[in-house]
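*Asks:* predicted model follows, preceded by the sequence.
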Amino acid sequence: MQMRVGLGYDLHRLVPERKLILGGVEIPADKGCLGHSDADVLIHSLIDALLGACGLGDIGQKFPDTNPAYAGISSLELLQQVMEEIRGAGFSLVNTDSVVIMEKPRISAFTDAMKANLYPILGVAPDKISIKGKTAEGTGEIGAGEAVACWSVVLVVRK
């Protein structure tokens with residue numbers, strides 16, 4: 001059995017008149033993430049972590065923002081495609097741990113809904129998915145409410 005760890009990161013600017021989507025959940029907010037797809041930083045960081053762990057590139061290579069096919073696409077669909085590729089390469093996910101960093105809104109009330117969206121695609125039980133919200137304590141672009149970032153780590157196994 002071969003175990004591998006992957007680390008993913010994503011950051012998006014927050015702008016008016018965009019939906020804030022995290023883990024496939026629309027969260028009530030004054031601003032949303034600017035991006036080519038739905039700009040879901042949580043899923044984007046998970047995708048990069050998964051691809052990295054399996055040695056399969058990164059999200060920009062798989063889903064370039066120059067391709068109109070991905071304009072406005074749900075990141076849940078992108079994650080589904082990545083999981084199919086990972087399974088095809090003989091890998092399965094063991095667990096994930098993610099930290100979403102943004103000043104507001106607080107995400108703790110939404111993490112169960114995020115897990116409910118993610119676990120059927122990831123193929124693990126909800127207790128194998130950790131999602132935490134942190135603030136930047138008022139520092140930098142994130143602390144000023146101008147951006148949101150996410151770090152994710154995954155453990156995969158190939159038998």
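*Replies:* Sure, I can see it.

*Asks:* drop to CA atoms for contacts and neighbour counts, all remaining ones
*Replies:* Noted.

*Asks:* need the residue closest to the centroid of this structure.
*Replies:* By Cα atoms, centre = their mean, the chain has its centre lying nearest to I43, at 1.8 Å.

*Asks:* using the three-state scheme, assign it.
*Replies:* What DSSP: H, G, I helix; E, B strand; the rest coil gives for I43 is helix.

*Asks:* bridging residues for K132?
*Replies:* When assigned by DSSP bridges, K132 has beta-bridge partners V99.

*Asks:* how about the residue nearest to the centre of the chain: what's its closest non-neighbour residue?
*Replies:* Spatial nearest neighbour of I43, excluding adjacent residues (Cα to Cα, 6 or more residues apart in numbering): G23 at 5.8 Å.

*Asks:* near that neighbour, how many other residues are there?
*Replies:* Neighbours of G23 under the rule other Cα atoms under 10 Å: 24.

*Asks:* quick check: phi and psi at it.
*Replies:* When read as degrees, to the nearest 10, the backbone of G23 gives phi 60, psi 30.

*Asks:* surely it and K115 touch.
*Replies:* Yes. If you go by Cα atoms under 8 Å, G23 and K115 touch, sitting 7.3 Å apart.

*Asks:* partners of the top strand by length along the chain in the sheet?
*Replies:* Scanning the chain for the longest strand, with DSSP state E as the assignment, gives strand 2-16. With DSSP bridges as the test, strand 2-16 is paired with strand 31-33 (antiparallel), strand 147-158 (antiparallel).
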